[in-house]
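1. Provide a 3D model corresponding to the input given below.
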Amino acid sequence: LIGLNGSGKSTLLKVISGVYKPSAGKVTVNGTIAPLIELGAGFDMDLTARENIYLNGTVLGYTPKYIDSKFDDIVEFSELQEFLDVPLKNYSSGMVARLAFAVATMTKPDEILSVGDFLFQEKCEKRMAELLSGGTTVILVSHSIEQIERMCNKVAWLDHGHLRRLGPTKEVTAEYRKFEKKDAMKADKVEG
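-> Reported below is the predicted structural model:
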């Protein structure tokens with residue numbers, strides 16, 4: 001999903017994930033959704049990472065036994081082995097993002113957002129590519145058109161809550177780049 005700030009990207013994700021009800025039409029989801037709309041939203045900052053893995057996993061509908069089977073993978077992916085028993089209130093936002101992404105991708109989710117610093121972002125992109133190769137649908141929202149072009153085969157361009165264009169990535173992003181350039185020139189004229 002691409003579009004300027006305020007175009008409706010986050011709202012659409014919240015409708016897809018069931019946080020909001022659609023004001024018109026309907027959304028049909030086939031499968032499991034693991035949303036990362038607002039990182040750490042399901043975490044209790046007073047609990048440790050270990051406790052939050054189980055809490056968040058349960059909120060996502062997984063049994064403690066299933067979480068047990070994925071626990072080592074979650075910890076390894078997040079690279080937070082040394083901080084498992086530290087309350088999240090002592091974590092940086094990047095550390096919380098790592099944990100949130102690792103928990104949400106413990107199974108094949110239908111919706112993931114890429115997060116974190118550059119090296120972790122690369123790691124997330126690799127994980128998403130693995131999920132995509134296994135048939136999982138990934139909905140990615142990014143202001144980085146380059147990232148969209150690397151990761152996506154189809155793009156939806158939103159503009160003020162409306163679908164402006166849907167199609168192959170290269171075609172839609174090429175048109176979007178022209179739009180962005182025109183929009184930036186308009187802003188320069190207004191400021192000048």
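
2. starting at the chain centroid, how far to the worst-scoring helix or strand of the chain on mean pLDDT?
-> Using mean pLDDT, DSSP states H and E, helix 118-133 stands out as the lowest-scoring helix or strand of the chain, at a mean of 77. Counting by CA atoms, centre = their mean, to the nearest Å, helix 118-133 is centred 11 Å from the centre of its parent chain.

3. CA-only coordinates of the helix or strand just after it in PDB, if you can.
-> Counting by DSSP states H and E, the next helix or strand C-terminal to helix 118-133 is helix 145-151. Extracted C-alpha coordinates of helix 145-151, given in PDB (Å, rounded to 0.1, in the frame of the first residue of the first chain):
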ATOM      1  CA  ILE A 145       9.100   3.200  -2.900                       C
ATOM      2  CA  GLU A 146      12.400   1.300  -3.300                       C
ATOM      3  CA  GLN A 147      11.300  -1.200  -0.600                       C
ATOM      4  CA  ILE A 148       7.900  -1.600  -2.200                       C
ATOM      5  CA  GLU A 149       9.600  -2.300  -5.600                       C
ATOM      6  CA  ARG A 150      11.900  -4.900  -3.900                       C
ATOM      7  CA  MET A 151       9.200  -6.700  -2.000                       C
END
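
4. What are the contacting residues of helix 145-151?
-> Outside helix 145-151, the residues within contact range by CB atoms under 8 Å, 6 or more residues apart in numbering are 2, 114, 125, 128-129, 132, 138, 140, 142, 155, 169-170, 173, 176-177. Every C-beta, even on glycine, is put in place using the N, C-alpha and C of the backbone.

5. Show me how far the following helix or strand past it is from its chain's centre.
-> Moving toward the C-terminus from helix 145-151, the next helix or strand (DSSP H and E) is strand 154-159. Offset of strand 154-159 from its chain centre (CA atoms, centre = their mean): 16 Å.

6. secondary structure element for the residue lying closest to Lys21 once chain neighbours are set aside?
-> Ranked by CB to CB, 6 or more residues apart in numbering and with sequence neighbours excluded, the top spatial neighbour of Lys21 is Val15, at 7.4 Å. According to DSSP H and E, Val15 maps onto helix 9-16.
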